[in-house]
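K.L.:
here you go, sequence then predicted model.
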Amino acid sequence: MAPQSLSLAVMCVLSLWTTAAGCDVRQEKIEGQCCDLCHPGTFRKAFCPNQKTDCSPCKEGYFSENYTLFDRCDECRACQQDYVEKCTPTTNAKCSCHSGFLCSDNVCSKCEEDKCVMGEKPKRTDIAVGDKLIQYSYTCEPKHSCPYNTYFDVKEDLCKTGKEGIDFIHLILGTSFLLLTLTLLVFLSYVLIKKLRKHNKYNHPMEVLAVSTRASDFHLSKEESGFELIVQDESKNSNSLGFLHL
């Protein structure tokens, strides 16, 4: 009898401790009774008899992502433009917008046109409007408006200070100085060459024509050439006659 009395006492103590402590993690107390929660992808069809809840699966187009005792599933989100992930019985759909459009809220259920022009980027402002829903408001601001001694980091899309920004400024200044120096050198070289040409033009020595004294260098006319031949023949004939007389 003693062992049976001890067992009954232990059971009573455990029952009282469970009632005082409450229900399990995946249970909820309804009308003084701990009822099992329905699994994700299902909903409560009827209250629990003897702690076991009557659950039914969600219909197509509806989902339930948590353990719950709700009597209905949530309706799947409808995306305005693109679906990143489609709705399943345990997860809601995930949306996105086309290129050139911006999400109007944190779940991207609607899209609005990006009105920023070239050289500008949208700046987002968050506005809480309900349970886990945040709406976005956009304004346009310059894309690369960084203060002095800073540089724009394309990867992180923000202005940074440091060695990179200073080196970039020095590079621009050095390149500008080099181009200015080369331009001045080219201009001075052009002016110098122009002055030298002008000096040579007005100070060139006069050319002296050399006059030949040789008779062979002169060209005679036909009459002069014929007269010279006759004189040469007569002198030859005279010399021949004198030789015969001898």
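P.N.:
On my side now, so go ahead.
K.L.:
any low-confidence regions in the protein?
P.N.:
For the chain, the stretches with pLDDT under 70 are 1-21, 49-50, 145-158, 160-169, 201-246.
K.L.:
list the helices and strands the longest helix along it packs on?
P.N.:
The residue-count maximum for a helix in the chain (DSSP state H) belongs to helix 163-202. Here helix 163-202 touches strand 150-153, going by 3 or more Cβ pairs under 8 Å, 6 or more residues apart in numbering; DSSP states H and E. From N, CA and C alone the C-beta is placed, and that goes for glycine too.
K.L.:
now the strands for the chain?
P.N.:
27-30, 33-36, 42-46, 54-57, 62-63, 74-75, 82-85, 94-96, 101-103, 111-113, 120-130, 133-142, 150-153, 158-161 (DSSP state E).
K.L.:
name the surrounding residues that touch the first one.
P.N.:
It refers to strand 27-30. Residues from elsewhere that reach strand 27-30 (Cβ atoms under 8 Å, 6 or more residues apart in numbering): Gly22, Cys23, Cys34, Cys35, Asp36, Leu37, Phe47, Cys48, Gln51, Leu69.
K.L.:
what about the nearest residue to the fifth one once chain neighbours are set aside, distance to Arg26?
P.N.:
Going back to what we said before, that points to Asp36. In this structure, Asp36 finds its nearest non-sequential neighbour in Thr53, 4.8 Å apart by Cβ to Cβ, 6 or more residues apart in numbering. Applying Cβ to Cβ, to the nearest Å, the value for Thr53 to Arg26 is 10 Å.
K.L.:
one more: Ile193?
P.N.:
If you go by Cβ to Cβ, the gap between Ile193 and Arg26 works out to 96 Å.
K.L.:
please identify every residue contacting each of Thr53 and Arg26.
P.N.:
In contact with both Thr53 and Arg26: Asp36, Leu37, using Cβ under 8 Å, 6+ apart.
K.L.:
what's the neighbour count on the residue nearest to Val129 when sequence neighbours are not counted?
P.N.:
Spatial nearest neighbour of Val129, excluding adjacent residues (Cβ to Cβ, 6+ apart): Gln135 at 5.2 Å. By other Cβ atoms under 10 Å, 15 other residues sit near Gln135.
K.L.:
for Thr125, see how far away Gln135 is.
P.N.:
Taken as Cβ to Cβ, the span from Gln135 to Thr125 is 9 Å.
K.L.:
please apply the same query to Ser56.
P.N.:
43 Å.
K.L.:
more neighbours: which of those two?
P.N.:
The neighbour comparison of Ser56 against Thr125 (other Cβ under 10 Å) goes to Ser56, with 13 against 9.
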